[in-house]
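J.: Predicted model and sequence below, questions to follow.
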Amino acid sequence: MDIVKTFFNWSVFVDSLPLLLAGLWVTVQLGAASIIAGLILGLGVALLRLYGPTIVGLIAKIYIDIFRSIPILVLLILVYYALPFVGIRLSSFWAAWTALTLVSGAYTAEIFRAGIEAIPKGQFEASQALGLNYRYTMVDVVLPQAVRIVIPPLTNNCINVMKDTALASVVAMPDLLKQATQAQALAANPTPLIGAAVIYLALLWPMVVAVSQLEKRFKAGTR
Amino acid sequence: MAPFISIKGVSKSYDKFLALDNVSLDIAAGEVVCIIGPSGSGKSTLVRCVNLLEQFGPGEISVGGVPVRAGKELAAVRADVGMVFQSFNLFPHLTVKRNVMLAPMRTRKLDEATASERALTLLKRVGIAEQADKYPGQLSGGQQQRVAIARALAMEPKALLFDEPTSALDPEMVGEVLDVMRGLAHTGVTMIVVTHEMGFARQVADRVIVMEGGRIIEAGTPTEVFDHPKQQRTQDFLKAVLAH
């Protein structure tokens, strides 16, 4: 029963549980904060890209392309270790939040852009013909329809952000993964790592299932 | 009396194709004008210029004395000029009643109760009050187009533009939409109707405009245009559409 004792050691698991839960709380906080900020940033960038003056649209496009190309880990290291040289010193939490938000914002912008572009031209024309201004056209007509289209890919992006929070352990943020590796070192036993993996699964599996359900529902047609 | 809608020397080109070629047309308040002509003759483009869904130039259009051009006054012009599209363009995520209520609440600042009451009155007028809480996707094409008319009327427009309102409909639904439009004519609202329904044009129009190649080639009362067309091209067009 060496395998059980090594990988699924109950007493080690119980001992490490408080650490793991503390780490989970940090992970959830970082994930939620990055997701929300990424959504707001992404919507703003998408609108600028689509409707801003040419030069602003171009800048938005360059932003999107850069942050979709750069590996998050590289960006995170840059933010955490390079920015202090220009006087910007962020805690590990805010460094991770910055990196995740910048990348998530780029992906979210592309998702929103695709969603808005999928709205037929006639919807814009009908809004204009009724004298609705740009804001009402967006808020009352275009975005409610675009949101239905973008919910499955957005949820997918949220899952990715949640997963990528684990990268923050590299800059010594006490997230779930970091706590697990520390508990593992402390107990000289890999059980906490297994525990962390199971907790990640428990957190993200339902979201994955939800995406499939949403995609099925939206494919079935609107109402 | 000054015309309510004035179109002066309007041209419009897409790349090299000249969609409108120096078109001038004055329309009096309350007048019902039907525009007919072969496909690609510029009929739709012309009505779409009146509320600036199409940019044009050179030329000038004014509605109620207000020039139609990009800027602050444009929203006010658009609010006064209703439009009914070939493809309905209802808002699919809103109920029928909400479709009708939206613009008056936003641009006329009506409160919810007033807007709702007005919407129900208009839906009754176009004969679909019982569908008020359904979504556009649940209605037939004819019903959707009648909702679109109610939606345009909710703004209490001084003019209504109809861009081939029955062209996307199954034949059995054309009549119900034309009946609603017939009911609107001569209620004081100015109407410009781009249509292929010659019977409707003959019966309802004060004036019929024939377009071809981006120009107005003939204009007159329905009797003049349909019974005694002066232009050979009008005769050819009418012969072609009335043959079947």
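T.: All right, it came through fine.
J.: Can you give me the buried ones in the helix or strand encompassing A:I62?
T.: Using DSSP states H and E, A:I62 sits within helix A:54-69. Residues of helix A:54-69 classed as buried: A:60-61, A:63-64, A:67 (neighbour count, 16 or more other Cβ atoms under 10 Å in any protein chain shown). (C-beta placed from N, C-alpha, C; glycine too.)
J.: what mean pLDDT does it have?
T.: Here helix A:54-69 scores 95 as its mean pLDDT.
J.: Now do that helix: everything it contacts.
T.: A:45-46, A:48-52, A:75, A:102-103, A:105-107, A:109-110 (Cβ atoms under 8 Å, 6 or more residues apart in numbering or on different chains).
J.: change it to 6 Å
T.: Residues outside helix A:54-69 that contact it (Cβ atoms under 6 Å, 6 or more residues apart in numbering or on different chains) are A:45, A:48-49, A:102-103, A:106, A:109-110.
J.: Now flag whichever of these is closest to chain B.
T.: Chain B has its nearest neighbour among the contacts of helix A:54-69 in A:L48, at 20.3 Å by Cβ to the nearest Cβ.
J.: Show me what residue of chain A gets nearest to chain B.
T.: For chain A, Cβ to the nearest Cβ, closest residue to chain B: A:G131, 3.2 Å.
J.: which residues sit in contact with B:L169?
T.: If you count contacts by Cβ under 6 Å, 6+ apart, B:L169 has them with B:141-142.
J.: and it, backbone torsions?
T.: Dihedral pair for B:L169: phi -100, psi 150, per degrees, to the nearest 10.
J.: Tell me how far it lies from B:Q144.
T.: The gap separating B:L169 from B:Q144 is 9 Å, by Cβ to Cβ, to the nearest Å.
J.: who in chain A is up against chain B?
T.: A:122, A:125-126, A:129-132, A:136, A:140-141, A:144-145, A:223 (Cβ under 6 Å from any Cβ of the partner chain).
J.: Report the buried members of those residues.
T.: Among the residues of chain A next to chain B, those buried by neighbour count (16+ other Cβ under 10 Å) are A:125-126, A:129-132, A:136, A:140-141, A:145.
J.: Would you mind giving these as a markdown table with secondary structure and pLDDT added?
T.: Output for those, formatted as a markdown table (DSSP: H, G, I helix; E, B strand; the rest coil; pLDDT from 0 to 100):
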| residue | secondary structure | pLDDT |
| --- | --- | --- |
| A:E125 | helix | 95 |
| A:A126 | helix | 96 |
| A:A129 | helix | 94 |
| A:L130 | coil | 94 |
| A:G131 | coil | 92 |
| A:L132 | coil | 93 |
| A:Y136 | helix | 94 |
| A:D140 | helix | 95 |
| A:V141 | helix | 95 |
| A:Q145 | helix | 91 |
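J.: between these, which is nearest A:S34?
T.: A:Q145 (26.6 Å; Cβ to Cβ).
J.: Help me confirm that the closest one comes into contact with B:H93.
T.: Yes - using Cβ atoms under 6 Å, A:Q145 is in contact with B:H93, at 5.3 Å.
J.: Wasn't B:T187 part of a strand?
T.: No - assignment of B:T187 by DSSP: H, G, I helix; E, B strand; the rest coil gives coil, placing it outside any strand.
J.: and it, how many neighbours?
T.: Residues lying near B:T187 (other Cβ atoms under 10 Å in any protein chain shown) number 10.
J.: same check, this time on the one 5 residues further on
T.: Neighbour count for B:I192, taken as other Cβ under 10 Å: 25.
J.: Let me know the pLDDT of it.
T.: B:I192 carries a pLDDT value of 96.
J.: What of the one 10 residues further on?
T.: Each residue has a pLDDT score; the one for B:R202 is 93.
J.: Over to B:A76?
T.: In the prediction, the pLDDT value recorded for B:A76 is 86.
J.: separation between it and chain A?
T.: 7 Å (Cβ to the nearest Cβ, to the nearest Å).
J.: how many other residues sit next to the one residue in chain B that gets nearest to chain A?
T.: Nearest to chain A in chain B, going by Cβ to the nearest Cβ, is B:A79, at a distance of 3.2 Å. Counted with other Cβ under 10 Å, the neighbours of B:A79 add up to 22.
J.: I'd guessed it sits against A:G131; true?
T.: Yes - shown here, B:A79 and A:G131 form a contact pair, counting by Cβ under 6 Å, at 3.2 Å.
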